[in-house]
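Let me see the structure of the following:
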Amino acid sequence: MKILITGKNGQIGFELKRALAPFGEVVAIGKEECNFLNQDDIRRCVQSVNADIIVNPAAYTMVDKAESEQDKAFAINATAPGVIAQEAEKAGALLVHYSTDYVFNGQKQGGYTELDQPDPRSIYGLSKWQGEQAVFEASSKSLILRTSWVFGAYGNNFAKTMLRLAAEKEQLNIVADQFGAPTSAALIADITAQILAQYTRSAIPFKYGLYHITANGLTNWHEYAQYVIQKGINAGLPIKLGLKSVDAISSDEYPTPAFRPKNSQLDCSKLKTTFNVNLPPWQQGLDHVLTLLLR
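Residues are numbered from 1 along each chain as shown. Okay, here's the model as predicted:
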C-alpha cells in the first residue's frame, strides 16, 4: 500500500503522517515539493508517487486574507483538488479530501447534515465548496470529510493564540455567539485511519461520499477561550488575566473581513453509523493537546 499525503506541514497533515504510517509507504509532500498554484506541477507530483490512496488536507486556510487573495484561495482550495481528483481517477486511487463548516451560512438551528444545501458567505467557504464539487465530478472513488474548528499540538490555532494572549494582556474580548465543536487534528487523522482500514480490509462495498467529522459536544469561542486559559492557570503559566477579564462580545462587536457562520455544528451521525466510529467530547482532545503544550 502506498499513500500520498499533501499539506505535510499543516495541522492535519502532520498528524496523518503518524496515523497512516502502519498502512505502508507514506509519501508526504508540502509546498516545497509541489506548487499547488501550478496544475502541471500538481499532476507531476501525483503521477510520480503513483499512490494507491491520496489524502489531501492541503488548503488555503487564511480565512480573512482569502477575501483579498481570491485567486490564490480558489487555486489551492478549488482547482487543485479537482486536478488531484482527475489524477486519482486515472490511477484508480482512493482520494480522501477535507472540507469545512464554512460551506454553510450558519443560520440553521441544530447540526448541519450532509443533505443540507451549502450556502457559503466567504471566499474561503466558497472556494472549499467548489473544491468539494470538483472532487466529486472527477473521482468515482472519493471521500470528503467536513470538519470544523481544528486545533493541534503542531501549527497555529485558537488554543495556542489564547495561551499567548493571556500571558501578554490583562483583558480579552472574545466572541460568544458563534458555536461549534473544537476538533483535534489527531482525532481527524485517527478517524481517517479507521476508515481506511475498512477500505483496505472489508469485503463489504465501501461507501464513498460526503461525511461530517467533528468532536462531540458544542461550545462557543468565549467558553473555549476560558477553558484554555483556566488550564494555563492550573499549569502555573505566567497568566496576566483572570477568567473575569475574558469578556464575552457579539460578532457585530468584532467585525472581520470574512463572514463567520454563527452555527458551525455538524451532525456526524452518518459517519458514526457508516463506519462504526466513536467521536469523543471536544474537551478530551483539547486536554491532550494542552497537556503537550503546557509541559
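
Could I get the full set of strands for the stretch 1-150 of the chain?
Taking DSSP state E, counting those that start in this stretch, the strands of the stretch 1-150 of the chain run over residues 2-5, 25-28, 53-56, 94-100, 142-147, 150-151.

Kindly spell out which helices and strands sit in contact with the shortest one.
Of the remaining helices and strands, those touching strand 150-151 by 3 or more CB pairs under 8 Å, 6 or more residues apart in numbering; DSSP states H and E are helix 11-19, helix 158-168, strand 183-184, helix 185-201, helix 282-293. For every residue, glycine as well, the C-beta is placed using N, CA and C.

With mean pLDDT and distance to Arg43 added, can I get the ones you listed in TSV?
Compiled in TSV, the helices and strands packed on strand 150-151 are given as follows (pLDDT from 0 to 100; distance: least, CB to CB, whole Å):
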stretch	mean pLDDT	distance to Arg43
helix 11-19	97	20
helix 158-168	94	35
strand 183-184	98	31
helix 185-201	96	24
helix 282-293	95	36
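
just these: most buried one?
For the helices and strands packed on strand 150-151, average neighbour numbers computed from mean count of other CB atoms under 10 Å are highest in strand 183-184, which has a mean of 27.

circling back to that earlier point, which one of the strands of the stretch 1-150 of the chain lies closest to Ala176?
Set against Ala176 and scored by CB to CB, the strands of the stretch 1-150 of the chain come closest in strand 150-151, at 18.4 Å.

OK, contacts around the nearest residue to Pro238 once chain neighbours are set aside?
Taking CB to CB, 6 or more residues apart in numbering, and ignoring the residues beside it in sequence, Pro238 has Ala167 as its nearest neighbour in space, at 5.6 Å. Contacts for Ala167 (CB atoms under 8 Å, 6 or more residues apart in numbering) come out as 232, 237-240.

change it to 10 Å
For Ala167, the contacting residues are 229, 232, 237-241, by CB atoms under 10 Å, 6 or more residues apart in numbering.

Also Val103?
Taking CB under 10 Å, 6+ apart as the test, what Val103 contacts is 112, 116-122, 124-132, 146, 261.

Buried ones among those?
Burial of the contacts of Val103 was assessed by neighbour count (16 or more other CB atoms under 10 Å); the buried members are 112, 116, 118, 120-122, 124-132, 146, 261.

check contacts around Val277.
Under the criterion of CB under 10 Å, 6+ apart, the neighbours of Val277 are 187, 190-191, 194-195, 198, 211, 213, 268, 271.

same question, Ser140
With contacts defined as CB under 10 Å, 6+ apart, Ser140 is in contact with 85, 88-89, 92, 95, 208.

per-residue confidence at it?
According to the predicted model, the pLDDT of Ser140 comes to 95.

quick one on the thing from earlier: where's the residue nearest to Pro238 relative to Thr161, distance?
When distances are taken as CB to CB, to the nearest Å, Ala167 and Thr161 turn out to be 11 Å apart.

ok, now Ala181?
As for Ala181, its distance to Thr161 is 18 Å (criterion: CB to CB).

measure Tyr102 to Glu67 for me?
As for Tyr102, its distance to Glu67 is 12 Å (criterion: CB to CB).

between those two, which one's more packed in?
When Tyr102 and Glu67 are compared for neighbours, Tyr102 comes out ahead with 28 against 16, by other CB atoms under 10 Å.

isn't that one right next to Gly131, touching?
No: here Tyr102 lies out of contact with Gly131, judged by CB atoms under 10 Å, at a distance of 11.6 Å.
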